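Enquirer: what follows is a predicted protein model with its sequence.
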Amino acid sequence: LCYGWKEKFSHGKMNLLHDIPITANNFDTISCIVEIPKDTNTKYEYDDKLEVFELTRCLVSSLKYPINYGFIPQTLALDNDALDVLVFNHDPIDRGSLVKCRPLGILEFEDNGEIDNKVLVVPDWSPIDKYSKLSDIEDPHLKIYKHFFRIYKLDRSSTSRVGDWQNGAEALNTIKRSHERWKFERASMS
């Protein structure tokens, strides 16, 4: 038995959006939280007020997420949610996992008139000589991810527009701007 676990955890909770630092080394790597493991059809979103993962819907039965999906802590994107992240890994990563990653690119995406771009990252432990830029991800993968975001909301009354893939510099600029927006929002709440 592990004695004292209640005391250890009762003094405070960790909020995955606000309490995990976005980076520790000048944005060479960033923290990412997985909400939806690859190859599943259930859509979960982290609720930072309740500090739980909420099941928001199930995709059409034959449709599954082709990549691990989540968010970058300490960010506020243009849609007023945390910045979305696509974690490229050959295997599913469990929901709630913290993964240190390198940004490679960003997919332009608009949902119901709001900018909702998706940052593509690889785990930091992936070989840097194999995955250091967007073009290192095989083109069929990039096409599959783009196609998925074109069709994954067809069963809902929403309008989505998928743009093009942009490079790592654009991804990094988006991450930094989203982090600045988060800091401004947190300061205004104090």
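Expert: Nice, thanks for sending it over. Treat the numbers as computed from the prediction; the structure is a model and nothing was measured. Numbers count the residues shown, from 1 in each chain.
Enquirer: now the element after the lengthiest strand in the chain, going C-ward?
Expert: For the chain, the strand that runs over the most residues, judged by DSSP state E, is strand 98-111. Next along the chain after strand 98-111, taking DSSP states H and E as the criterion, comes strand 114-115.
Enquirer: tell me which strands that following strand pairs with, and in which orientation.
Expert: Here strand 114-115 has these sheet partners by DSSP bridges: strand 98-111 (antiparallel).
Enquirer: the strand it pairs with: which residues count as buried?
Expert: 99-111 (16 or more other Cβ atoms under 10 Å). Heads up, the C-betas are built off the backbone N, CA and C, glycines and all.
Enquirer: one more: stretch 77-94?
Expert: 77, 79, 81-89, 92-93.
Enquirer: endpoints of that stretch, how far apart?
Expert: 24 Å (Cα to Cα, to the nearest Å).
Enquirer: state the mean pLDDT of it.
Expert: Per-residue pLDDT over stretch 77-94 has a mean of 97.
Enquirer: with stretch 170-185 instead?
Expert: pLDDT averaged over stretch 170-185 gives 97.
Enquirer: swap in stretch 35-44?
Expert: Rounded mean pLDDT across stretch 35-44 is 96.
Enquirer: coming back round to it: restricted to strands, list the buried residues of stretch 77-94.
Expert: 83-87.
Enquirer: export the longest strand of the chain to CSV, keeping only CA atoms.
Expert: Backbone C-alpha positions of strand 98-111 (Å, rounded to 0.1, in the frame of the first residue of the first chain) are rendered in CSV as follows:
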residue,chain,number,x,y,z
LEU,A,98,2.4,14.6,-21.5
VAL,A,99,4.7,14.3,-24.5
LYS,A,100,7.7,16.6,-25.1
CYS,A,101,7.8,17.3,-28.8
ARG,A,102,9.5,19.2,-31.7
PRO,A,103,7.3,21.3,-33.9
LEU,A,104,7.6,20.5,-37.6
GLY,A,105,4.7,22.3,-39.3
ILE,A,106,1.2,23.6,-39.1
LEU,A,107,-2.0,22.8,-41.1
GLU,A,108,-4.2,25.8,-41.8
PHE,A,109,-7.8,25.0,-40.7
GLU,A,110,-11.0,27.1,-40.3
ASP,A,111,-14.0,25.8,-38.4
